[in-house]
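# let me see the structure of the following:
(one chain, ligands or ions: 1)
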Amino acid sequence: MRNVIVTGASRGLGLGIARRLAGAEYRVIAVARKENSQLTAAIEEADRSAPGSLKFLSFDLGEIDRIPELVKSIRKDFGPICGLVNNAGISFDGSLGLMPTTQIEQLIRVNTISPIVLTKYVVRAMMADGGGRIVNMASIMAFTGYSGLSVYGATKAAIVGFTRSLAREVGRMGVNVNAVAPGFVDTDLTHGLTDEQRQKIERRSALHRLVKVEDVANAVEFLLSEKAKNMTGTVLTVDAGSTA
Ligand SMILES: NC(=O)c1ccc[n+]([C@@H]2O[C@H](COP(=O)([O-])OP(=O)(O)OC[C@H]3O[C@@H](n4cnc5c(N)ncnc54)[C@H](OP(=O)(O)O)[C@@H]3O)[C@@H](O)[C@H]2O)c1
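Just a heads-up that it's a prediction; the model follows:
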């Protein structure tokens, strides 16, 4: 089984991605701070069809200094890492003028510094092992504005810039680096939106519907697959036409 690390795989988009990949002959190393009942059920389900295809590793990605030891232990326990999905992310909304600076720092730490440092150590291992795939979770907020999400938007725009330059840097070593930019998806991260706001997003999208977790999992699975071998440095937007 090919090993793929999926961060933030205990809920929402990450759990959907982990489930999908575990069912597609990958061994998924699911990283999050806490295991929950949804993830436990997904592990049991994965074990029934492909034993050992979904493993949980508890780790706080805000602890940047411990990332090198995380990557080392994954490589030691599971072998070469063929894919990394930098999906874990947090969001605090609120006007910039009122946002505590500690929250600004936490957003940038978890959404930007942590995936960059994790990628640093994983990409080194990938280059030594002959190649791999990195998929970074951006957002349409990297391109469009949304009042109350300026810091979150900044972290996602940073991820797009990181994706493009890193693709140039590691391409000749056999590593592809791409991003996925989802539109609004109903998860814990977006529970703060009112029904009215949801309906507005749906109405304003070209397809008049909302994106589902499975749609994002499809894009990630594609970017990890052989079919995407000549794609690097790109951003796949999955937003039902919200930004069309
Ligand atoms: N939902 C959307 O509409 C949407 C749209 C565009 C982009 N995105 C992006 O997609 C990604 C996933 O979003 P989501 O909606 O699925 O979020 P979610 O439901 O809130 O899940 C976030 C995941 O990240 C993990 N996580 C958070 N902080 C962590 C930390 N310090 N260390 C380790 N794991 C951590 C959480 O697990 P623990 O809490 O147990 O650690 C959880 O598994 C994010 O990068 C988000 O910005 C989401």
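
# before we move on, what SS does T237 have?
Taking DSSP: H, G, I helix; E, B strand; the rest coil as the rule, one finds T237 in the strand state.

# whoops, I mixed them up, E202
Reduced to three states with three-state DSSP, the structure at E202 is helix.

# what are the phi and psi angles of the closest residue to it other than its chain neighbours?
Nearest in space to E202, with sequence neighbours left out and distances taken as Cβ to Cβ, 6 or more residues apart in numbering, is L210 at 5.4 Å. No exception for glycine: its C-beta is placed from N, CA and C like everyone else's. Backbone dihedrals for L210, given as degrees, to the nearest 10, come out at phi -100, psi 160.

# what about L210, neighbour count?
Neighbour count of L210, defined by other Cβ atoms under 10 Å: 18.

# give me the most central residue, this protein.
N87 (1.6 Å; Cα atoms, centre = their mean).

# contacting residues for that residue?
By Cβ atoms under 8 Å, 6 or more residues apart in numbering, the residues touching N87 are 6-9, 13-14, 17, 137.

# and it, its phi and psi?
Given degrees, to the nearest 10, the pair of backbone angles that N87 has is phi -110, psi -30.

# please apply the same query to V110.
The phi and psi torsions at V110 (degrees, to the nearest 10) take the values phi -80, psi -40.

# tell me the residues of this protein that contact the ligand?
Selection of the chain residues close to the ligand by Cβ under 6 Å from any ligand atom yields 7-14, 32-34, 60-62, 87-90, 110, 137, 139, 182, 184-185, 187-190.

# mind giving me the ChimeraX command for buried ones among the residues you listed?
One line in ChimeraX is enough to select the buried ones among those; burial here means 16 or more other Cβ atoms under 10 Å:
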select :7,8,9,10,11,12,13,14,32,61,87,88,89,90,110,137,139,182,184,185,187,189
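
# which members of the residues of the chain next to the ligand are positioned in helices?
In this view, these that belong to helices under DSSP state H are 12-14.

# tell me the one of those residues nearest M99?
When those are compared for distance to M99 (Cβ to Cβ), G12 wins out at 22.7 Å.

# list the contacts for the closest residue to the closest one other than its chain neighbours?
Leaving out its chain neighbours, the residue that sits closest to G12 by Cβ to Cβ, 6+ apart is T187, at 3.3 Å. If you count contacts by Cβ under 8 Å, 6+ apart, T187 has them with 11-13, 213.

# longest helix anywhere in this protein?
Secondary structure of the chain per DSSP H: the longest helix is helix 150-170.

# cool, thanks, signing off.
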